[in-house]
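[1] Quick check, what structure comes out for this input:
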Amino acid sequence: GTLCRREIISTTYSSHSSKPSHLNFLFYSLGWTVFRKNFSQATNMSYLRALCVLLTTSLCVQMCFSDCYMHNPRGSNNRLNEKSANRDNANRLFDSQNNNRGGYNAGDTDETNGFTSEDQIYYMQYFQSSDRADSKLAIEWTNQHGCGGNEDDDPNKLNCNIVIQYMVSDVCDASTDKDCLRNGVNTGTQTHTPPASLTETPAQFANRKNAVVQTQGLHETFDYYDDCYMRTRNTNLFTADQNLRNNNLGISSARHTRQNPNGNRRGYECPEERDYYPYWHPTQWRDIAILADNASQCDWYLDESFNVQPRGICKEYYPGTTQVRSWSVHNNQADCENAGGQWFTEYAYIDIETGVSESECESRNPRDGLPRKWASPKFDEPEACLVLPSAPTCEAAGWTRSNHLGNGRDGVPLNYTWTIPYFPSGSEKIIVVRIRYNISTDDYDPFNTDSSQNQNLGALIRSPVEQNPYINIGATTNKALRLAINTAQFGRTFQDRSHVIRLLPRSEISHEDAETCTIYNLNVRGKRGNIVQVYPSVEYDFIPNRLDITESDCLHIQWTGSNTHNNGAPGGDGQTGDAGEGTTGTDRHSMVEIPDANSNYPLPWERTNMWRDVELVWRNDEKWTVNANQELSDVDIAVAFASGGYYSCYEDTTCDRSLESLTPRVDELLNNVSPSFDGAVLKFRAGTYHYISSRNNNFTNRSQKGRLYVRSS
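    A predicted model of the protein is given here:
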């Protein structure tokens, strides 16, 4: 298809008065809907007329029971700490469209109990990239209905697009900050009472927001959803024969989409933003990668990513005040300004560089691979030096077959290696990672399907697809066959999100190579149970379970797990139970060397090679304490990983938690060990090393093995 030119898109947000009078454009991607509209100054582009968008939910002509689950970092699928196989609340934070059984609990830190407060939750922690070296994280997932291939020479049964993103925030206090990114400690959904009228006062808004519960999870903020609830939806979108309802003030708003016609709420997620990409208003998400149906679409994606292209939004004050209102009903610049509002251009910044003037900021654009922009971070805030994310990666999606939550063609799980950003402020950040998976087909013309073909029988317009239609193919006498078609799920979008993650600055590392070594991250995926019991999640394994690095690289080994992965009733449409070793419901891990990949017995210290002369680059001093004037040796590090972090060293002279005398002794099945271990950042000698988890590697039942290949620098 023909790609939209970037300048056509940008007129939607431009403050310039001169606009082209007639611009026709066409965009086709993944068998999804495209607009062909005329721009006209007279229309003021009301309701985003002629906006070129990629609709991620438009064209599948059969009801799709497909799912998408993220396995590293561990996807929640809206789970928190449930003992049941099913999640408690599918609406807790976001709309996944997934099976109730998927997902992993947030990590526990206690050796026995589940968490009861946010500070008892283990946040996986990864080091940021520096301005001289990267930090690499493998993102891994399964998607059920297939992906990849292309219609030219490698056709699949459908079209597919995968978008990986992250939300980033400064560290905050969830007990006092209502906007703080958090997991929460109960599975309730945050409340939202909509404005009672268009003349709401600041006090009335504050009273509504006061209902935000500090002990419940939060990703998108209350203000973000409030604006979504009130903002007029994009009426150029194809909605087939779905009847999109209005909100309590009679507005057909951005919370109503073809996939969500009733305006159901999940957390504070905005349904219109969830269902469509790239979105035409500012969002709290930053792009990591777009895995497209065809690599030829990538130039357009990269140009229109929010990382690269700022977005506009209408801002208004409460009448008679200087306080900015959280919402506006206007979704375009012309209507906004005609109503006395201001059209604000927002940038997808990830950090703010302080102590820098405007000229210094612009002179650093770009620097460290990150663009700078002197602009206001939020409406009515002072201008500052905004650090923008780099453009996302775009490449063709990997191939998987339909109706199968499994690996790709090469036998390796679907994955993408993310280079974690560098943040010039040097401050710690917290993030959530999101993956969205869209599928669609070519069962009707994808080039010319927009709102003009929405069902309107009064105007004699029939949607190209209709709900559960009856089709007479001549195979029966006067008897039609009914197709299983749900027009709300044509081109359905699925998603999963991680629990909250910490991104640590390199300044936390005191080693001389802190700023210069590339950090690779080695984690554990999966949860307790056999393959049937954990499905559609996965059993234990190391991730990546085959990793190639050099002697000059650093390796951060850590894992997390839960004390409440009991997989009990209700089990939904799967099997309950938590087959495995040790105390029921518990995840535990260790790392011990084996001689080769076919072995299942660990090597004694006298024969080990993996840990010999290993160099310690970083450990968490608050948890892995060492006596004054003592340093950890290679045997200390081997003992710590073999015990899942229970022991900190080998001898009393080195630390208090020593193998030599700590009581109680570590349980042989690690039952008295924490399910989470922040591990260490290490540098290894050249060689090939194989390792297992002593508790979980169970020949003929499950394999938890890994291989580390270290090349000479």
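[2] what ranges do the helices span in the protein?
    6-10, 202-209, 222-230, 271-275, 298-304, 333-338, 358-363, 531-534, 634-642 (DSSP state H).
[3] In this model Ile288 seems to touch Thr393, though I could be wrong.
    Yes - counting by Cβ atoms under 8 Å, Ile288 is a contact partner of Thr393 at 7.2 Å. All C-beta atoms are positioned from the backbone trio N, CA, C, and that covers glycine.
[4] Nearest to Arg695 among the helices of the chain would be which one?
    Taking Cβ to Cβ, helix 634-642 is the member of these nearest to Arg695, at 11.0 Å.
[5] Can you spell out which helices and strands pack onto that closest one?
    strand 677-683 (3 or more Cβ pairs under 8 Å, 6 or more residues apart in numbering; DSSP states H and E).
[6] Strands of the stretch 51-200 of the chain, residue ranges please.
    68-72, 107-108, 121-122, 125-127, 135-143, 159-170 (DSSP state E, counting those that start in this stretch).
[7] joint contacts of Thr393 and Ile288?
    Tyr416 (Cβ atoms under 8 Å, 6 or more residues apart in numbering).
[8] neighbour count winner among the two?
    Ile288 (23 against 18; other Cβ atoms under 10 Å).
[9] What residues does the residue lying closest to Leu669 once chain neighbours are set aside make contact with?
    Nearest residue to Leu669, sequence neighbours excluded (Cβ to Cβ, 6 or more residues apart in numbering): Gly582, at 3.9 Å. Gly582 makes contact with 588, 667, 669-671, 695 under the criterion Cβ under 8 Å, 6+ apart.
[10] mind checking pLDDT for Gly582?
    Reported pLDDT at Gly582 in the predicted model: 96.
[11] Look up how far Ser425 lies from it.
    For Gly582, the distance to Ser425 equals 43 Å [Cβ to Cβ, to the nearest Å].
[12] so where is the stretch 301-450 of the chain shaky, pLDDT-wise?
    444-447 (pLDDT under 70).
[13] Quick check: the gap between the closest residue to Trp611 other than its chain neighbours and Ile420.
    Excluding the flanking residues, the one nearest Trp611 by Cβ to Cβ, 6+ apart is Ala638, at 3.9 Å. Separation of Ala638 from Ile420 (Cβ to Cβ): 28 Å.
[14] How about Val534?
    Val534 is 28 Å from Ile420, by Cβ to Cβ.
[15] cool, and Gly267?
    If you measure Gly267 against Ile420 using Cβ to Cβ, the figure is 25 Å.
[16] can you check Glu651 too?
    36 Å.
[17] So Gly114 sits against Asp108, correct?
    Yes - the criterion here is Cβ under 8 Å, and Gly114 meets it with Asp108 at 5.8 Å.
[18] shaky segments in this structure?
    Filtered on pLDDT under 70, the chain yields the residue ranges 1-66, 444-447, 475-477.
[19] residue contacts, the most centrally placed residue in it?
    Nearest residue to the geometric centre of the chain (Cα atoms, centre = their mean): Arg434, 1.1 Å. With contacts defined as Cβ under 8 Å, 6+ apart, Arg434 is in contact with 94, 164-167, 285, 495-498.
[20] With Asp636 instead?
    Counted by Cβ under 8 Å, 6+ apart, Asp636 has contacts 648-650, 654-655.
[21] can you rerun that using 7 Å?
    By Cβ atoms under 7 Å, 6 or more residues apart in numbering, the contact set of Asp636 is 649-650, 654.
[22] returning to that earlier point: so for Val534 and Ile420, which residue has more residues nearby?
    Under the neighbour definition other Cβ under 10 Å, Val534 and Ile420 were set side by side, and Val534 has more, 27 against 21.
[23] ok, and the closest non-adjacent residue to the more buried one?
    Nearest residue to Val534, sequence neighbours excluded (Cβ to Cβ, 6+ apart): Lys527, at 5.7 Å.
[24] Quick check: the one you found touching Tyr104?
    Yes - checked against Cβ atoms under 7 Å, the pair Lys527 and Tyr104 is within contact range at 5.5 Å.
[25] The two: who's more crowded?
    Of the pair Lys527 and Tyr104, Tyr104 is the one with more neighbours under other Cβ under 10 Å, namely 29 against 25.
[26] how far away is the residue nearest to the more buried one when sequence neighbours are not counted from Met167?
    Using Cβ to Cβ, 6+ apart and skipping the chain neighbours, the partner closest in space to Tyr104 is Arg74 (4.1 Å). From Arg74 over to Met167 the distance is 16 Å, taken as Cβ to Cβ.
[27] So the two - more neighbours on which side?
    Per other Cβ under 10 Å, whichever of Arg74 and Met167 has more neighbours is Arg74, with 32 against 19.
[28] ok, Ala254 to Asp621 distance?
    For Ala254, the distance to Asp621 (Cβ to Cβ) stands at 47 Å.
[29] Likewise for Trp280?
    47 Å.
[30] Neighbour count for these two, which is higher?
    Neighbours were counted for Trp280 and for Asp621 using other Cβ under 10 Å; Trp280 has more, 24 against 10.
[31] Check the gap between that one and Pro377 for me.
    Per Cβ to Cβ, Trp280 is found 20 Å from Pro377.
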